[in-house]
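**Student:** Here's my sequence, what's the structure:
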Amino acid sequence: MIYQYKAILPRNKSFVRIYEVRANSTLYAFHLFLQNALSFAPDQQVFFRTYNASGKQVRECRLFDVGFGSMDQVRLEAIHAKGEVCLHYVFDIFKGRYLELHFDGVEEEVWRRSYPRTVLERGGNPDQFRDDLFLFDDAEAIIADEGVDSE
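**Tutor:** Residues are numbered from 1 along each chain as shown. Okay, the predicted model is just below:
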């Protein structure tokens, strides 16, 4: 069984990814895929937060167990079975930057395909170390917040 996740970045309307991952994959395997797909540095701390359908945080899974299981112990099928439909992949723990991964459905596995894989890709990869570069939509929001006339 294959799970589909739609990935977005908060405050970045141009970034969208759709990933397909085997249901029996661990969060650690998913992390390694995301790290490679997004060109993130392998030496940075990351973790996952899981959320239920009402938006309440259920657990936090890190490389080492903090009470909910470590990333290499928790499988996507276990998360899904408990009704946890959203994952936050926190890739910048100091600034709280994360990738939102929303469960988007179940697909049948196609034996010729390699999983995990990226099905849809729009927008450039986020820079793991710099958040001061923002898109035009974000610039308009900042100008509006500061009360500056953009015309």
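**Student:** Name the helix or strand for the residue nearest to Ala7 when sequence neighbours are not counted, please.
**Tutor:** Distances taken as C-beta to C-beta, 6 or more residues apart in numbering put Arg17 closest to Ala7, at 4.1 Å, once the chain neighbours are dropped. From N, CA and C alone the C-beta is placed, and that goes for glycine too. Using DSSP states H and E, Arg17 sits in strand 12-22.
**Student:** Quick check: which helices or strands does that strand pack against?
**Tutor:** Counting contacts by 3 or more C-beta pairs under 8 Å, 6 or more residues apart in numbering; DSSP states H and E, strand 12-22 is packed against strand 2-9, helix 27-37, strand 97-107, strand 117-122, helix 136-146.
**Student:** Identify the bridge partners of the residue most central in space within the chain.
**Tutor:** Residue closest to the average C-alpha location in the chain (C-alpha atoms, centre = their mean): Leu99, at 3.5 Å. Here Leu99 sits in beta bridges with Tyr89, going by DSSP bridges.
**Student:** contacting residues for it?
**Tutor:** For Leu99, the contacting residues are Ala7, Ile8, Leu9, Leu34, Leu38, His88, Tyr89, Phe91, Pro126, by C-beta atoms under 8 Å, 6 or more residues apart in numbering.
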